[in-house]
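A.B. asks: Generate coordinates for the sequence data below:
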Amino acid sequence: MNRIAFILVLLTSFVVTGYGQQRPLLTEDVDIIPPGSIRIEAGIDFNGSDTACDVVLYSEFESRAALDGYQEHPAHLEMAKFIADRRSERRIADYEV
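C.D. replies: The predicted structure is shown next:
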């Protein structure tokens with residue numbers, strides 16, 4: 001099946017080491033799936049390496065408009081604020097396949 005998907009990948013580390021492991025809601029809150037989302041999943045690092053991030057968010061969207069809509073979705077904005085107040089580092093990539 002050929003389909004175009006727009007992918008968002010977010011890598012985050014927290015100010016307090018291991019914070020992601022103490023906050024399972026970071027992955028449970030992904031249950032809210034905005035319109036146009038194909039797949040959203042979050043994972044908490046188990047590696048523990050000093051080069052690892054604490055949390056990874058991987059998302060697929062059916063269109064660029066759906067990705068843009070996700071950025072403004074109330075659940076996303078709430079989680080983004082929660083993470084922004086606690087993170088020490090953030091890396092993000094959006095790409096098309």
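
A.B. asks: For the stretch of helix or strand Lys81 belongs to, what is the distance to the chain centroid?
C.D. replies: Assessed by DSSP states H and E, Lys81 sits inside helix 74-84. Using C-alpha atoms, centre = their mean, to the nearest Å, the mean C-alpha position of helix 74-84 is found 10 Å from that of the whole chain.

A.B. asks: Which positions in it come out as buried?
C.D. replies: Using 16 or more other C-beta atoms under 10 Å as the test for burial, helix 74-84 gives His76, Met79, Ile83. Quick note: C-beta positions are derived from backbone N, CA and C, even for glycine.

A.B. asks: next one: stretch 59-68
C.D. replies: Judged by neighbour count (16+ other C-beta under 10 Å), stretch 59-68 contains these buried residues: Ser59, Glu60, Phe61, Ala66, Leu67.

A.B. asks: quick one: contacts for the fourth one?
C.D. replies: By C-beta atoms under 8 Å, 6 or more residues apart in numbering, the residues touching Ala66 are Phe6, Pro34, Pro35, Gly36, Ser37.

A.B. asks: make it 7 Å
C.D. replies: With contact set as C-beta atoms under 7 Å, 6 or more residues apart in numbering, Ala66 has these partners: Pro35, Gly36, Ser37.

A.B. asks: Restricted to strands, list these.
C.D. replies: Under the assignment DSSP state E, the contacts of Ala66 contribute Ser37 to strands.
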